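Asker: Sequence plus predicted model, see below.
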Amino acid sequence: MEATVADAAAKPQQDAEIVIETRNLTKDYRDFWGRQKVRALKALDLDVREGEIFGLLGPNGSGKTTTIKLILGLLFPTSGEALVFGKKASDVSKNERIGYLPEESYLYKFLNAEETLDFYGRLFDMTPAERKQRVEELINMVGLDWAKRRQLKEYSKGMTRRIGLAQALINDPELIVLDEPTTGLDPIGTREMKDLILKLKAEGKTVVMCSHLLADVQDVCDRIAILYQGDLKELGRVDSLLKVRDVTQIRAQGLSDAAKQEIEEVIKRHDGKVLGIENPTTTLEELFLNIVRESEARPGRRATESK
Amino acid sequence: MVLEKPILPLLEWLRLNLPTFAIGLIGVVVLGLLIGFLAGALRHGPMGSLRILLQTISAALVDFRHSSPRRIFAIARLAFQESLRRRVLVVFGVFVLALLFAGWFLDPSSKHPARLYLSFVLTSTNYLVLLLAVFLSAFSLPNDIKNRTIYTIVTKPVRPWEIVVGRMLGFIAVGTTLLILMCVFSYFFVKRGLQHAHQIAPQEMVSQTLDVDDESMEQQIGESSLTMAHRHEVIVGPDGRVSVSNEHDHSHGILETPESSRDGEYLLGKPEGFLEARVPVRGSLRFIDSSGAPGSGTNVGYETKYRKYIEGGSLAAAIWTFEDVRPENFPEGLPIEMTLRVFRTFQGDIEQGLTGTIQLVKPALRDENGILIGPDTSWRSEEISFPAQDYTTFRRFIPRKIEARDPQGNEKIVDIFEELTDPETGAIEIWIRCLDSGQYLGMAPADLYLRASDRPFWLNFIKGYTSIWFQLVVVTCFGVMFSTILSGPVAMMSTLAAIVMGFFKNFVFDVASGELPGGGPLESLVRLIQQVGQMTDLAPGLGTTIITRIDDVLMLVIQTVSYAMPDCSIFNTSRFVAYGFNIPGGLMVQHFLITLAYAFVASIVGYFCLRTREIAA
């Protein structure tokens, strides 16, 4: 595992295998008479390389979900084509290596967790013993062992999402497509989802996700594409896109007030502009998770204002 | 029992129907290609459409090659679980309730209680199961598409036809389970419903003197107690043997005699003869009219031409010819059974009934019109009289040795198989005449037969339910097929429409061929509005010509569609079971092949519809 991760990092991105490729992908929604109603996607040219986490960003109605559905074969393109693993999107055999988590999980409510995963597992080429093992593994991984015999109609949204994710991973796919993975989840669920996505990347898998939650995309994605009203507005690596070129950020610990004064003078001497010297804030997410962890260790009201 | 068309032996049926099936299949394929091409041409132009068509077909072949029974089974299993959790057993509960209430409403004083009970359970099961099949199959896939649960399935390596066939198999499994439950339940319901007993005390019987062969013998005769609105006549013969008369389609054996019973009475045991599965040997029928010349039977004025009548008190006769009547098949003699109709021109004595005669005749050489070729070399047996009651089955066993007259007119006792049957073909003629002048006896070819042997009733019962199973399969397959492109309620209506169209196939053909007066749909509408009767011609003119031409086109379309639809009424063998006739195995095989054909075509059509459908649109 370790060697693979190192290799993946060392390989220059351009040589990595292209997993998804769209050429001139266009989708028009027509009304009954064949007249064009909505141009959902305009000539999209995109490629996703092996081992990266690719994010599709955009406001509601920008064509993110449409792109995903076109890639998976749920929609037929008006023109252009989408290729996955070199095969056409309508070729069902490519699905052997894909896992898909739809926007609302869309699972059969009358089955319980075990039966759901068992059913989806049967649709793949696995021996019954293998399938049984994977079902158990995945239920434990998403932390639903305590509810595995309950029918899905009794599940909360977070639980449904987790089973949906388990279903997407049942066949140990090379490409995982996630439609709005963190939308609607609480901070803990969101953190777990993001951790999982990063873990999948560490295993060498390719992840394509679409979302309108910018912070979550920033945390996990390597490359992003920003869509607006069907047009591709921006495409590139997250770190390079977000880097603010002009500003330098220094983080140091244990500085006295005198030290801070001296650093300010050094900056001024070099004709730099001090934008600010203050204590950085942690994120609200970190605070929230810390409180949750502490609460689990020590239940009850908080004693006093600790800070 | 009415048998409109004779049951063809399997090979002959195959020879007749296989070409029709092949033509129909080619027609469906061509139609499908045409529709696909036209639909594609609208969007992508003719060349593009052709390319897409070829792509679809080659992709289809690849799909079929990569099909997996494991996946089909997974989807079938899912369909089964879905149906169970949708409380499908409620249907079974309704059935049980219906049966329990029926016990009150079925008329126990009916003259044919077995027929009543059997046709009730078979018909109610039939309708319930078919209704269930329609609801299950028509709504499942559209619900999946509406709730988008299908997203997680089509994004797995599942071929569209596996989805279609898997669903079909799943629903058939549900229907089969329910059918088996209903079959078992119905069997015991029928047995219990027909169960009854009678008693008779020796004191209630009177002595009767019999003169047999110049000897006077005494026998006791009496009437049993009244149960289920009938009594049996009980005769204790001089030798002590007890015989019970046949009433309401059954008789009884003796369970207890006065010596063995506690209350000193005869106890009549379980009813016998209610539940049987006779194997009839049928023959061909021809008629002789009242002047003695070959004729075609008299039409007494009924609309249906199923039965013809012979005039009583004249030379008119109905002649059945049976082939292959040999001592191996009928070692002791000929068991004749017949159910004739009676048509009276004056009332006479209704209770007595008419009298007819049976005569066994050796077939003489005749041409196809029934006219004698050469001298009449027939041996004729004595004329055996029998009572002819309307709607009643009369059984008579003709023993092997019988009195007969040779062509010269000398009387002898002969063996049926030696003198009265043709030595080569084993053919024998049975002549039926009516004695009462002014009255008529009616018969159809299926009304008289030789009762070859009996098969077990329970087997016949199961065969009757298997026929319902065939209907279940056809309806389910059509339901799933329609549900691949139509929404739930529309798919349900389409399936029901298909069943109805198949049911009225013969009617549609008769209208299209002009045999039924009154014209097609448009003409009938005009006649309705103008209040013109069916037999009157419409006023000639441009309007009428236009209407008739449009009707021709409409009828052509309706006829073609009806032709392809399954005629569920042909699958209905409940009257065989109810009337106590064995359902021939060959017939079951024919029905099975028809079912298979429909299932196959429905799967293919369903596959293409699902494949070309944009799931997420």
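Answerer: Yep, that arrived.

Asker: and whichever strand or helix holds B:Gly24, average pLDDT?
Answerer: Secondary structure from DSSP states H and E places B:Gly24 in helix B:10-65. Averaging pLDDT along helix B:10-65 gives 84.

Asker: Relative to chain A, which residue of the stretch 1-150 of chain B is the closest?
Answerer: Nearest residue of the stretch 1-150 of chain B to chain A: B:Ala74, at 3.7 Å (CB to the nearest CB). C-betas here are computed from N, CA, C, even on glycine.

Asker: State the number of residues packed around the nearest residue to that residue once chain neighbours are set aside.
Answerer: Once flanking residues are discounted, B:Ala74 sits nearest to A:Arg122: 3.7 Å by CB to CB, 6 or more residues apart in numbering or on different chains. Close neighbours of A:Arg122, defined as other CB atoms under 10 Å in any protein chain shown, add up to 21.

Asker: those helices in the stretch 1-150 of chain A, which residues are they?
Answerer: With helices called from DSSP state H, counting those that start in this stretch, the stretch 1-150 of chain A shows them at A:2-10, A:64-72, A:113-122, A:128-141.

Asker: A:Glu103 is nearest to which of the ones you listed?
Answerer: Closest of these to A:Glu103 is helix A:64-72, at 6.6 Å (criterion: CB to CB).

Asker: what about B:Trp469, is that helix, strand or coil?
Answerer: helix (DSSP: H, G, I helix; E, B strand; the rest coil).

Asker: what residues are up against it?
Answerer: Contacts here follow CB atoms under 8 Å, 6 or more residues apart in numbering or on different chains; on that basis B:Trp469 touches B:Gly175, B:Thr176, B:Leu179.

Asker: So the second one, which state does it fall into?
Answerer: When you say that, I think you mean B:Thr176. In three-state terms, and counting by three-state DSSP, B:Thr176 is helix.

Asker: From chain A, how far off is it?
Answerer: 21 Å (CB to the nearest CB, to the nearest Å).

Asker: was I right about that residue contacting B:Leu472?
Answerer: Yes - with contact defined as CB atoms under 8 Å, B:Thr176 counts as touching B:Leu472 (7.4 Å).

Asker: returning to what we had before: looking at the helices of the stretch 1-150 of chain A, which one is packed in the most?
Answerer: Neighbour counts (mean count of other CB atoms under 10 Å in any protein chain shown) averaged over each of the helices of the stretch 1-150 of chain A peak at helix A:64-72, with a mean of 25.

Asker: got the residues of chain A near chain B?
Answerer: Taking CB under 8 Å from any CB of the partner chain as the measure of proximity, chain A contacts chain B at A:29, A:34, A:69, A:72-76, A:90-96, A:98, A:100, A:102, A:104, A:106-108, A:110-111, A:115, A:119-120, A:122-125, A:164, A:167, A:171.

Asker: Mind checking which of those residues are buried?
Answerer: The neighbour-count test (16 or more other CB atoms under 10 Å in any protein chain shown) marks A:69, A:72-76, A:90-92, A:94-95, A:98, A:100, A:102, A:104, A:106-108, A:110-111, A:115, A:119-120, A:122-124, A:164, A:167, A:171 as buried among those.

Asker: Now the stretch 501-617 of chain B against chain A: closest residue?
Answerer: Going by CB to the nearest CB, chain A is nearest to B:Ala616 of the stretch 501-617 of chain B, at 3.8 Å.

Asker: Quick check: the nearest residue in space to that residue that is not next to it in sequence vs B:Gly543, distance?
Answerer: Nearest residue to B:Ala616, sequence neighbours excluded (CB to CB, 6+ apart): A:Leu74, at 3.8 Å. As judged by CB to CB, to the nearest Å, A:Leu74 and B:Gly543 stand 53 Å apart.

Asker: which residues does B:Met168 contact?
Answerer: Counting by CB under 8 Å, 6+ apart, B:Met168 touches B:Ser137, B:Thr476, B:Cys477, B:Val480, B:Ala599, B:Ala602, B:Ser603.

Asker: Swap in 6 Å and give it another go.
Answerer: B:Met168 sits next to B:Thr476, B:Cys477, B:Val480 when contact means CB atoms under 6 Å, 6 or more residues apart in numbering or on different chains.

Asker: same question, A:Pro173
Answerer: A:Arg97, A:Ile98, A:Gly99.

Asker: Distance-wise, check B:Phe571 relative to B:Ile583.
Answerer: According to CB to CB, B:Phe571 and B:Ile583 sit 11 Å apart.

Asker: Ignoring the adjacent residues along the chain, who's closest to the residue positioned nearest the centre of chain A?
Answerer: Closest residue to the average C-alpha location of chain A: A:Met209 at 4.4 Å, with CA atoms, centre = their mean. What sits nearest to A:Met209 in space, not counting adjacent residues and going by CB to CB, 6+ apart, is A:Leu178, at 4.1 Å.
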